[in-house]
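K.L.:
Sharing a model that was predicted from the sequence below.
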Amino acid sequence: MKLTTVTNVSVDGVMQGLGGAEEDRRGGFERGGWALPLFRGEAERLLGEVYQRAEAFLFGRRTYEIFAGSWGVMEDPGSSPIGDALNSRPKYVASATLTDPEWADTTVLAGDVTAAIRELKAKPGGELQVHGSGKLVRWLFDNQLVDEIVLLTYPVVVGQGTRLFSDTGPDAALDVVESRSTPEGITIQVYRPNGRPQYAE
C-alpha cells in the first residue's frame, strides 16, 4: 500500500483544531474551527474521493480519538463518503497508551511501530492514509515512510497553534503531482518526496 498523508493547513501552516472550537485546545489554542467555513463544494467532494481511495487508515492517538468521537458514532455513516470510508475500512493507531479501542475494526500498533507500518505498506492494495495526526506525520517524514502528500491550504492566517512542520527538521524535495484551487481559495496540492532539495552555491 502507498502511504499517503492528507493534511489541512492554514497559510501559516497551522493544522490544529480545524474542525471546531472545542476540537483541540491543547496549549491554550483558542482559534479552532478555522477550516469549516471554507470547506464546501469542490473541496468537500475532492476530500470525499480521497477517503474513498483508502484501503486502510493510520492515526495517531489524539486524532483517532477525535475521529472516533465524531465519525465513529454517526447514526448513518453511509450518508457521507468520508463516514462510509472510515466506518467500513481497517483503522490502525500508533500508540503506546491506547489499549482498548472502541471503534470497530481498529488495531493498535505498539512496540516496533516502524516495522508494523512497513509491514502494512508491503500489503497489496491502494492507500494507507494518514489524516491529521501531526506528530505521527512528522515522525513518518523523519523515517522516510511517506509516499505521497495531499495538502489542502486554506486562505487564512490562524496565528497560533500546532504547525505541520516544526521549526527544525529534515529537508525534502517534493515533486508536484497535481495542483488546483477551489472557488473558496483552498489550494489542493499533491506531492511526492524526491530526496533532498538542491541548494544554490
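P.N.:
Yes, it's here. Numbers count the residues shown, from 1 in each chain.

K.L.:
Which residues are in contact with residue 98?
P.N.:
Counting by C-beta atoms under 8 Å, 6 or more residues apart in numbering, residue 98 touches 61, 64, 108. For the C-beta atoms, the positions are set from N, CA and C on the backbone; glycine is no exception.

K.L.:
From these, pick the one nearest residue 143.
P.N.:
Closest to residue 143 out of those is residue 61 (17.8 Å), distances taken as C-beta to C-beta.

K.L.:
quick one: that closest one and residue 97 touch, right?
P.N.:
Yes - counting by C-beta atoms under 8 Å, residue 97 is a contact partner of residue 61 at 6.6 Å.

K.L.:
So between the two, which is more surrounded?
P.N.:
residue 61 (18 against 7; other C-beta atoms under 10 Å).

K.L.:
What residues of stretch 32-46 count as buried?
P.N.:
Residues 32, 34-35, 38-39, 43, 46 are the ones in stretch 32-46 that count as buried (16 or more other C-beta atoms under 10 Å).

K.L.:
how about TSV for the residues you listed, with distance to residue 74 added?
P.N.:
Compiled in TSV, these are given as follows (distance: C-beta to C-beta, whole Å):
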residue	distance to residue 74
32	21
34	23
35	19
38	23
39	17
43	20
46	21
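
K.L.:
so what's the residue lying closest to residue 181 once chain neighbours are set aside up against?
P.N.:
In space, residue 181 comes closest to residue 187 once its chain neighbours are excluded; the distance is 4.8 Å by C-beta to C-beta, 6 or more residues apart in numbering. Counting by C-beta under 8 Å, 6+ apart, residue 187 touches 152-153, 179-181.

K.L.:
Which of those residues are buried, as a PyMOL select command?
P.N.:
A single PyMOL command selects the buried members of these (16+ other C-beta under 10 Å):
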select buried, resi 152+153
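
K.L.:
now the contacts of residue 187 in CSV, with pLDDT, distance to residue 23 and secondary structure?
P.N.:
Shown next, in CSV, are these (pLDDT from 0 to 100; distance: C-beta to C-beta, whole Å; DSSP: H, G, I helix; E, B strand; the rest coil):
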residue, pLDDT, distance to residue 23, secondary structure
152, 96, 16, strand
153, 97, 19, strand
179, 96, 28, strand
180, 93, 27, strand
181, 94, 25, strand
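
K.L.:
Nearest to residue 169, out of the contacts of residue 187: which one, please.
P.N.:
residue 153 (18.9 Å).

K.L.:
quick one: the closest residue in space to that closest one that isn't next to it in sequence from residue 104, how far?
P.N.:
The shortest distance from residue 153 to any non-neighbouring residue, by C-beta to C-beta, 6+ apart, is to residue 187 (4.7 Å). Distance, residue 187 to residue 104, using C-beta to C-beta, to the nearest Å: 35 Å.

K.L.:
Nothing else from me, thank you.
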